[in-house]
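J.: need the 3D shape of this:
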Amino acid sequence: MLRTRLSEALKDALKSKDARSTATLRLISAALKDRDIAARSKGNYDGINEDEILQMLQSMIKQRRESITMYEQGGRLELAQQEQEEIVVIERFLPKQMEGAEIEAAIDALVTELGATGVKDMGRVMTALREKFAGQMDFAKASGMVKARLS
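T.: Numbering: from 1, shown residues only. This next block holds a predicted model:
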């Protein structure tokens, strides 16, 4: 489903001569093909699944945010703007992102469900969060919230 949406979006971007979208979607396609090839060496001939594609897209956004910071510090605002435009294109393929209160509610529910009592249970809670909310939250932010909740 997500692969199809990416492919259709690339076709549409090419037809409409949207250079930024075309370039970004080609980067996504190349990264996806690389991960599919790597998955084949592990015996997965169908390519990576939807959750792994969502994780890949989130890591691409994270990389661009880091680049924006670096470009802004270096005074290269045009490059920072370009990275921001790429983030907008990538975010079209991610589900709605959860915010602070929603993340806290999800963490509280999982902590209760798993019976987590201390920091030693943090790994189990984070694994459950990744399984249930792949592509929907910033797990670096969630990790800090889980640690605070379990401390």
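J.: and this protein, what are its domains?
T.: 2-91, 100-150 (automatic domain parsing).
J.: okay, now the shortest one: how far is its last residue from its first?
T.: Chord length of domain 100-150, first to last residue, is 17 Å (Cα to Cα, to the nearest Å).
J.: adjust the sequence numbering to begin at 39 for everything that follows.
T.: Okay, using 39 as the starting number, the last item reads as domain 138-188.
J.: state the mean pLDDT of it.
T.: Averaging pLDDT along domain 138-188 yields 85.
J.: residue contacts, residue 136?
T.: 144, 171, 174, 175 (Cβ atoms under 8 Å, 6 or more residues apart in numbering). In this view, the C-beta of every residue, glycine as well, is placed from N, C-alpha and C.
J.: tell me the SS of the third one?
T.: Judged by DSSP: H, G, I helix; E, B strand; the rest coil, the three-state class of residue 174 is coil.
J.: and the residue sitting nearest the centre point of the chain, what pLDDT?
T.: Residue closest to the average C-alpha location in the chain (Cα atoms, centre = their mean): residue 96, at 1.6 Å. As predicted, residue 96 sits at a pLDDT of 86.
J.: spit out the contact partners of the residue of the chain most remote from its centre.
T.: Centroid-distance maximum for the chain: residue 155 at 28.6 Å, with Cα atoms, centre = their mean. Residue 155 makes contact with residue 188, according to Cβ under 8 Å, 6+ apart.
J.: could you look up the SS state of it?
T.: Three-state call for residue 155 (three-state DSSP): coil.
J.: give me the phi and psi angles of it.
T.: Phi and psi for residue 155, reported as degrees, to the nearest 10, are phi -120, psi -20.
J.: tell me how far it lies from residue 162.
T.: In this view, residue 155 and residue 162 are 11 Å apart by Cβ to Cβ, to the nearest Å.
J.: quick revisit: top of the contacts of residue 136 by neighbour count?
T.: Tallying neighbours with other Cβ atoms under 10 Å puts residue 175 at the head of the contacts of residue 136, with 22 neighbours.
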